[in-house]
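J.: The sequence and its predicted three-dimensional model are supplied below.
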Amino acid sequence: MEETQPVPRVGVVLFVLKGKSVLLGRRRASIGESTFALPGGHLEFGESFEECGARELMEETGLEMGKADFLTVTNKVFLEKSKPCHYVIIFLRAVLADPNQVPQNPEPDKCDGWDWYDWDNLPQPLFSTLDEMVRSGFNPFPST
Ligand SMILES: Nc1nc2c([nH]c(=O)n2[C@H]2C[C@H](O)[C@@H](COP(=O)(O)OP(=O)(O)OP(=O)(O)O)O2)c(=O)[nH]1
Ligand SMILES: [Mg+2]
């Protein structure tokens, strides 16, 4: 049988903001195992970025997404797995539909749990792409 050629995949990842905090969870997944990462996942056929972000947020945290806007895009190859992965990641900034919602952890095999972390005091280690963004001075908060 012919071997399938690897292809780049598209992901949508959310900076969910509340006050000066951002929503992070410690990953239980082969890429970025044990690191603190943002909610998000793979874009499905026919989805808009916002639809994908809202679906992933609900699946991973039980939270309902409110207004979202485009922040930036990254293009990264992950070599840490036996099979290299290539992701184009769309980063959105989002708020919750109701800011009083409490994050759940419906996928405990993929994440240790979600919590709000102060942007000025982020936990370590951060997922590699997020770590690179923070180090480069990236700030997801709207400029006032
Ligand atoms: N979740 C998440 N993914 C990120 C971040 N930064 C980044 O480059 N990615 C990339 C690498 C991930 O493998 C890719 C897809 O996200 P994911 O692994 O959470 O995908 P998913 O929720 O669809 O997971 P699965 O159902 O396939 O297990 O996005 C981040 O901060 N959080
Ligand atoms: Mg995910």
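T.: Yes, it's here. Numbering: from 1, shown residues only. Ligands and ions are numbered 1, 2, ... in the order given.

J.: mind listing the strands in the protein by residue range?
T.: For the chain, applying DSSP state E gives strands covering 9-18, 21-27, 36-37, 40-42, 65-78, 85-96, 111-118.

J.: what's the distance between the fourth one and the middle of its chain?
T.: Its chain's average C-alpha position is 7 Å from that of strand 40-42, according to Cα atoms, centre = their mean, to the nearest Å.

J.: Kindly report the same for the shortest one.
T.: Computed by Cα atoms, centre = their mean, the chain-centroid distance of strand 36-37 equals 8 Å.

J.: any idea how far residue 127 lies from residue 104?
T.: Per Cβ to Cβ, to the nearest Å, residue 127 is found 21 Å from residue 104. For glycine as for every other residue, the C-beta is placed from the backbone atoms N, C-alpha and C.

J.: which of those two has more neighbours?
T.: Between residue 127 and residue 104, counted using other Cβ atoms under 10 Å, residue 127 has the larger neighbour count: 22 against 13.

J.: right, quick check: stretch 84-96 against ligand 1, any contact?
T.: Yes - on the criterion Cβ under 6 Å from any ligand atom, stretch 84-96 is in touch with ligand 1 at 87, 89.

J.: mind checking how far that stretch is from the chain centre?
T.: In terms of Cα atoms, centre = their mean, the centre of stretch 84-96 is set 6 Å apart from its chain centre.

J.: Can you report how many residues neighbour residue 102?
T.: Each residue near residue 102 was counted by other Cβ under 10 Å, and the total is 8.

J.: Can you report how many residues lie near residue 31?
T.: Close neighbours of residue 31, defined as other Cβ under 10 Å, add up to 15.

J.: Just list whatever residues bridge to the residue nearest to it when sequence neighbours are not counted.
T.: Spatial nearest neighbour of residue 31, excluding adjacent residues (Cβ to Cβ, 6 or more residues apart in numbering): residue 78 at 5.4 Å. Beta-bridge pairing for residue 78 (DSSP bridges): residue 85.

J.: Fine, thanks again, bye for now.
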